[in-house]
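Student: Coordinates for the following, if possible.
(chains A and B)
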Amino acid sequence: MSLWIALVVVTAGSYGLKLAGVSLPERALAHPRIQRIASILPVAMLTALVVVGLFEANGRYHADGPLLAGVGASALALRWRATLPVALVVAVVVTGSLRAIL
Amino acid sequence: MFFDDGSPTLARMGDARPSTPAPGATTVLALDDRRAITRAATGIGAYAALFGVTFGAIAAAAHFDIAQVLVMSTLMFTGASQFAFVGILGAGGSALAGIATALLLGVRNGFYGVPVSSALRPRGLQRLVTAHFVIDETTAMLAARHDPRARRYAFWATGVILWACWSAGSLLGVLIGAAVNPTALGLDAAAPAVFLALLWPQITTRRPRAVSAGAAAVALALIPVTPAGVPVIAAAGIAVVAGLVPERHGGSAR
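Tutor: Reported below is the predicted structural model:
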């Protein structure tokens, strides 16, 4: 599949999900089971994205010191109630600095 | 807020304090309220610009061109899905895996439509435009307010400012990303850090923590045996299984 076709599909699909949300009758989305799955879905996927981002490269296990240190530092920052932009800057600065030094 | 599991919503960025409607201010939105909303929306815009620069640079490193990045940021307009899509394709994952992951992450936007449409009641063409702006931040800004005019203003001010800042930031980022080596700057740490920051406020109770642990285990186990992107989609299965199990009364609070 060409990249452009994939882009059109993912863009149309993303919009379709938003449009469905504002168009469907409220009770269609109000089922408790559906609500539970929808609210927990981002937790599972975001976790997996973090894990894959930290421990995968080219389909194999891979760990990079500066990257782990940077994201670890942002986790500490979040623990100390840092906001998202702060966590982002901490991760990039720590990782970039360690790469420059090492 | 709108999910009944007691966990904070994905959308907690920006000013989440409910504004109490001033007595007698039901006909016109007070100037002070308007200013406070605009200020909060501008703050969200500033973060979105920074986040957009990061997105553009990462997309450039994954060999997306300017037009492709702009299509994503202006039309797809849902940050976490964009990061995931670019990340999976950049890591050599299939287009199908990238699309599936991005759309599964985008499911939450559909659910945001419930509070948004009940507050704004969009009709006809208006509905088509409103839908485009239904994302984490606009929903949070709307849901944090009670006065109907304040809700409407919060939604649109946040939506338009964020859209402009996110798009402009992405453009700047793709230009920067083409000129520098994003890895040397540590920009590859941005995506996992953002995912972690979005995840953080959602794992304060027992049930989401258990789901998070299960998802981590599944993703980690699948890394060497499946194509890129599949570990993330498989982790979504953990959420479906967990969601099918009814919540014990008050169980999530412990």
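
Student: Could you pull out the helices in the chain for me?
Tutor: Unless you meant another one, I'm taking chain A. With helices called from DSSP state H, chain A shows them at A:3-23, A:32-55, A:65-79, A:84-101.

Student: please go with chain B instead
Tutor: Under DSSP H, chain B gives helices at B:31-61, B:66-71, B:79-90, B:95-120, B:125-132, B:136-143, B:148-179, B:190-199, B:206-222, B:230-244.

Student: Please identify which of those helices is closest to A:Arg79.
Tutor: When those are compared by CB to CB, helix B:190-199 sits nearest A:Arg79, at 10.9 Å. Just so you know, the C-beta spots here come from the backbone N, C-alpha and C atoms, and that holds for glycine as well.

Student: Report the mean confidence score over the closest one.
Tutor: Averaging pLDDT along helix B:190-199 gives 89.

Student: What distance do you get for the residue positioned nearest the centre of chain A to B:Phe51?
Tutor: Centroid-nearest residue in chain A, with CA atoms, centre = their mean: A:Leu46, separated by 4.5 Å. The span separating A:Leu46 from B:Phe51 equals 15 Å under the rule CB to CB, to the nearest Å.

Student: swap in A:Ile40?
Tutor: When distance is defined by CB to CB, A:Ile40 is 24 Å away from B:Phe51.

Student: More neighbours: these two, which one.
Tutor: Just comparing A:Ile40 and B:Phe51: by other CB atoms under 10 Å in any protein chain shown the higher neighbour count belongs to A:Ile40, 27 against 23.

Student: quick one: the more buried one and B:Pro208 touch, right?
Tutor: Yes. The criterion here is CB atoms under 8 Å, and A:Ile40 meets it with B:Pro208 at 6.4 Å.

Student: Could you report the neighbour count for the residue in chain A that chain B sits nearest to?
Tutor: In chain A, the residue that lies nearest chain B is A:Gly21 (2.1 Å; CB to the nearest CB). When neighbours are defined as other CB under 10 Å, A:Gly21 has 24 of them.

Student: What does the pLDDT read for it?
Tutor: Here the pLDDT value assigned to A:Gly21 is 91.

Student: Quick one: residues contacting it.
Tutor: Each residue near A:Gly21 by CB atoms under 8 Å, 6 or more residues apart in numbering or on different chains is listed here: A:Leu29, B:Asn109, B:Gly110, B:Phe111, B:Tyr112, B:Gly113, B:Val114, B:Val116, B:Ser117, B:Ala131, B:Val134.

Student: what number of residues lie near B:Pro122?
Tutor: 17.

Student: Spatially, which residue comes closest to it, not counting chain neighbours?
Tutor: In this structure, B:Pro122 finds its nearest non-sequential neighbour in B:Thr130, 4.2 Å apart by CB to CB, 6 or more residues apart in numbering or on different chains.

Student: Make sure that neighbour is actually in contact with B:Val116.
Tutor: Yes. When contacts are counted by CB under 8 Å, B:Thr130 is listed as touching B:Val116 (6.9 Å).

Student: shared neighbours, those two?
Tutor: Common contacts of B:Thr130 and B:Val116 (CB under 8 Å, 6+ apart): A:Val22.

Student: How much space separates whatever residue of chain B ends up closest to chain A from B:Ala131?
Tutor: At 2.1 Å from chain A, B:Gly113 is the closest residue in chain B, using CB to the nearest CB. The gap separating B:Gly113 from B:Ala131 is 7 Å, by CB to CB.

Student: shared neighbours of the two, anything?
Tutor: Shared contacts of B:Gly113 and B:Ala131, counting by CB under 8 Å, 6+ apart, come down to A:Lys18, A:Leu19, A:Gly21, A:Val22, A:Ser23.

Student: next one: phi and psi at B:Thr226?
Tutor: Dihedral pair for B:Thr226: phi -120, psi 160, per degrees, to the nearest 10.

Student: Looking at per-residue confidence, what score does it get?
Tutor: 91.

Student: which ones are touching it?
Tutor: B:Ala234.

Student: Could you check how far it is from B:Ala97?
Tutor: In terms of CB to CB, B:Thr226 sits 9 Å off from B:Ala97.
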